[in-house]
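Asks: need the 3D shape of this:
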Amino acid sequence: MGKGDAKALRDAYRAALQDVVTRFDEASLRALRGEIQVVRRWLEARGDDGRARTAREALDALTRLHRFSSEIRGFSASRAYSEKASLFDLGAVGTLAVENVLTADKITPMRLLMSGLSEGLMFLASRQYVAGSGAVLAATYETHAVAVQDALWSLAADFRGAEDLPAIREARAGIDALFAKLDDPALPVAAKVAILYQLDALVALVRCARLLEELGALS
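Replies: Predicted structure coming up:
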């Protein structure tokens, strides 16, 4: 390992992550995936299996988000959903205050996750949506709901000790409360898909933040 490699790797990754938080578009997400692939390979070559696993989890989360994004773009571009396009603005993920991930003195991904769940509940309660939905949107929600719920739980479990039962129940309760609201039949399916997409983005960004945190400990 050449002197300064770890710092150069960390700085490049931080810059790519900052770009995603700022722009959150296709190009920035693609660039971040590329940086994570470089980070993962470098960690694997060093035999750093723990951090390589964190990189793999971040990459998997971004890949899932990319698939979801592709579907959302299709809806936004269609004439039938043109009036709802703002619901699926990629920049709307800012409502979850993810920019805090790079501005805090000490990155705390678990705090970001729990804050995001709280913000998600507030967002869900405050927004007004156009009534009505389509079968395709409903199918999209059903397809992604379980995956996003599982991803949130996996992420929360990673940050809570297995022996800390109250903390585990707190995380589970936060997730269940959000999805109970999402399952309300009175809530337009467009709203469900919009908030689900933002939660998926939250998971991906917290995974990426965790990787940045672990890279910060490299010498």
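Asks: contacts and neighbour counts: CA atoms only from here.
Replies: Fine.
Asks: who are the packing partners of the biggest helix by length in the chain?
Replies: In the chain, assigned by DSSP state H, the helix with the most residues is helix 49-77. Here helix 49-77 touches helix 26-45, helix 189-215, going by 3 or more CA pairs under 8 Å, 6 or more residues apart in numbering; DSSP states H and E.
Asks: pull out the buried residues from it.
Replies: 51-52, 54-59, 61-66, 68-69, 72, 75-76 (16 or more other CA atoms under 10 Å).
Asks: can you give me the angle it makes with helix 189-215?
Replies: Note on geometry: by axes from the mean of the first three to the mean of the last three CA atoms, to 10 degrees, helix 49-77 and helix 189-215 are set 150 degrees apart in direction.
Asks: average pLDDT for helix 49-77?
Replies: Helix 49-77 carries an average pLDDT of 86.
Asks: then stretch 180-195?
Replies: 82.
Asks: and it, end to end?
Replies: With CA to CA, to the nearest Å applied, stretch 180-195 spans 13 Å between its terminal residues.
Asks: residue 50 and residue 34, how far apart?
Replies: Distance from residue 50 to residue 34, by CA to CA: 20 Å.
Asks: again, but for residue 202
Replies: 19 Å.
Asks: now swap in residue 15 and tell me
Replies: Residue 15 is 12 Å from residue 34, by CA to CA.
Asks: for residue 23, same thing?
Replies: Note on residue 23: its distance to residue 34, by CA to CA, is 16 Å.
Asks: for residue 73, same thing?
Replies: Taking CA to CA, one finds residue 73 at 22 Å from residue 34.
Asks: can you check residue 148 too?
Replies: When residue 148 is compared with residue 34 (using CA to CA), they lie 23 Å apart.
Asks: who's more crowded, these two?
Replies: residue 148 (20 against 15; other CA atoms under 10 Å).
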